[in-house]
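> I would like the atomic coordinates for the input below:
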Amino acid sequence: MTTPYTIGTVTLTNGSAIVTGSGTAWQTALIVGGIIYAEAAGGNAMPILTVDSNTQITAATKWKGTTGTYPYALVIDTAYDRQVLSNASALAQILQQLKATAIAALSALTPAADRLAYFTGAGTAALTTLTSFARSLLDDADAATARTTLGALNKAGDTMNGALTISSGQGLTLDAAANQNRIVRFSTSGSQRWIVGVSGGTESGGNASSDVFYNRYADDGTTYLGTALLINRATGITTLTGLALSTNAAISFGGTGAATTLSNLGFSSFIKTLIDDADASTALSTLGVSAFAKTLLDDTSGAAVLRPSAALRPDRLPGTRFYRMA
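Predicted structure coming up:
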C-alpha cells in the first residue's frame, strides 16, 4: 500500500467540498487522486475529485464534520484503491436502491411461468399473464413485422388474401377528397378488367360530380375499352354504352311501375294496350282487324285469297243464274 501523504494541515468547512491546505504541495507531489482522512470527530472520508493546486483540492463529497483545521492523511490513489472505492460506491448505491418502495413491491411477488410483473400503484405490484404469442409480438422490430405476426392489414394500403365479410348492419365506406375517384378494381391474375367507382371532380354545388361509372379494360390490363355504364348523380340520367335514357325519372319494372316506365320511354297509351296482348289474334283485334280480314291475313297465297269462302259461293246466292260458255 502507498504511504499516505501527511504534510501540512487541511482546513475544512462544514457543507463544503473545498479542501484548503497549509504547508502542502499536492501538485508538486504529483497527487492526482486519493482519499483525504481528517483527524476530526464526526468527520467523513473525502475522495479527491480534482487537485486544483498545491494548496487546494475539490473533493467528491462535502465535509460533514465541524469547520476547522485538522491534521490529515491523504491516501494516494492506486489501481487497487480505485477498484475498492468503485466497488464500495456501487454497493452503496445498490443498497440504497433496494430500500426503494418499487423494489420492495416487486420483491413481494412470487414469480411464475408466463407471468409479467407490473405496478398497480405507487408502492404495489402484481403479475399478469404473458403468453408465448404475446412474447412473439413484443420482440417484433417494427410495425410491419408486428402486422405480419397479427395477420393485420396496413391502413395505408395492403393486399388481403381471402374473403372480406362485413357483419349485418354495417357497411363499406370509400371516402376521399372531392377531386379523387373512389373505386373498386376487379382483376384477373393481377391484370385489371373492370373498375367500378365514383368519379372525382370539383363539387361546386348543384349535386355536381361523384357520378357512378363502370369502366372496362383490355386483356393487357391497361388499355381502356370504354365506360359501359355511367349514372349522373345530379340528373339521374343513365348511359349504357351509347344508349342514353334521357330522363331523370326513375325506371322500374313490375306492378304499376311498368306503365310509368313505358311512358318514360315514349310509348303511347294505345301502344301499351298492344304490347301486352298475349297472341297475334288478340293483337289484330286491338288493331281493329275484323274477323274476315283475319281469315285473309292467314292465307298462304294469292289464289287462296281469291278463293271464295263457302258463304260467298255464287251458286249459293239467291237470284243468281249461271251460263255455260261454249
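
> mind checking the SS state of the spatially most central residue of the chain?
Compute the mean C-alpha point of the chain, and by CA atoms, centre = their mean the closest residue is K155, 2.2 Å away. When classified by DSSP: H, G, I helix; E, B strand; the rest coil, K155 comes out as coil.

> How much space separates it from T173?
Distance, K155 to T173, using CB to CB, to the nearest Å: 13 Å. Any C-beta I mention is one placed from the backbone N, CA and C, and that applies to glycine too.

> Ok, T131 next?
Distance from T131 to T173, by CB to CB: 35 Å.

> Which one of the two is surrounded by more residues?
Neighbour totals were compared for T131 and T173, and T131 leads with 9 against 6 (other CB atoms under 10 Å).

> For that one, which non-adjacent residue is spatially closest?
Once flanking residues are discounted, T131 sits nearest to D114: 6.1 Å by CB to CB, 6 or more residues apart in numbering.

> And the one you found, what's its pLDDT?
pLDDT for D114: 91.

> That one contacts F133, correct?
No. In this structure, D114 is not within contact of F133 by CB atoms under 8 Å, at 10.5 Å.

> List the residues that contact the residue nearest to T131.
T129, L130, T131, S132 (CB atoms under 8 Å, 6 or more residues apart in numbering).

> Can you tell me how far the residue nearest to the centre of the chain is from W26?
68 Å.

> Now do the same for G226: helix, strand or coil?
G226 is classified as strand under three-state DSSP.

> for T50, same thing?
Applying three-state DSSP: T50 is strand.

> That one - how many residues pack around it?
T50, neighbours per other CB under 10 Å, totals 11.

> pLDDT at it, what is it?
Reported pLDDT for T50: 94.

> Spatially nearest residue to it, not counting backbone neighbours?
T58 (4.8 Å).

> Quick one: distance of stretch 149-168 to the chain centre.
9 Å (CA atoms, centre = their mean, to the nearest Å).

> Mind exporting the C-alpha coordinates of it to CSV?
What follows is stretch 149-168 as a C-alpha-only set of coordinates in CSV (Å, rounded to 0.1, in the frame of the first residue of the first chain):
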residue,chain,number,x,y,z
THR,A,149,-47.5,-11.5,-36.6
LEU,A,150,-51.0,-10.3,-36.0
GLY,A,151,-52.2,-11.0,-39.6
ALA,A,152,-53.3,-7.4,-39.8
LEU,A,153,-53.5,-5.0,-42.8
ASN,A,154,-51.7,-1.7,-43.2
LYS,A,155,-54.3,1.0,-43.2
ALA,A,156,-52.1,3.0,-45.6
GLY,A,157,-52.5,0.2,-48.2
ASP,A,158,-52.1,-3.5,-48.3
THR,A,159,-53.1,-6.8,-50.0
MET,A,160,-55.6,-9.1,-48.4
ASN,A,161,-55.9,-12.8,-49.3
GLY,A,162,-59.3,-14.3,-48.6
ALA,A,163,-62.8,-13.1,-48.3
LEU,A,164,-63.9,-10.0,-46.5
THR,A,165,-67.1,-10.3,-44.5
ILE,A,166,-69.0,-7.2,-43.2
SER,A,167,-71.3,-8.0,-40.4
SER,A,168,-75.0,-7.3,-40.7
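
> can you pull the contacts of Y214?
W194, I195, V196, T227, A228, L229, L230.

> That one in helix, strand or coil?
Secondary structure assignment for Y214 (three-state DSSP): strand.

> From P71, how far out is it?
Applying CB to CB to Y214 and P71 gives a distance of 103 Å.
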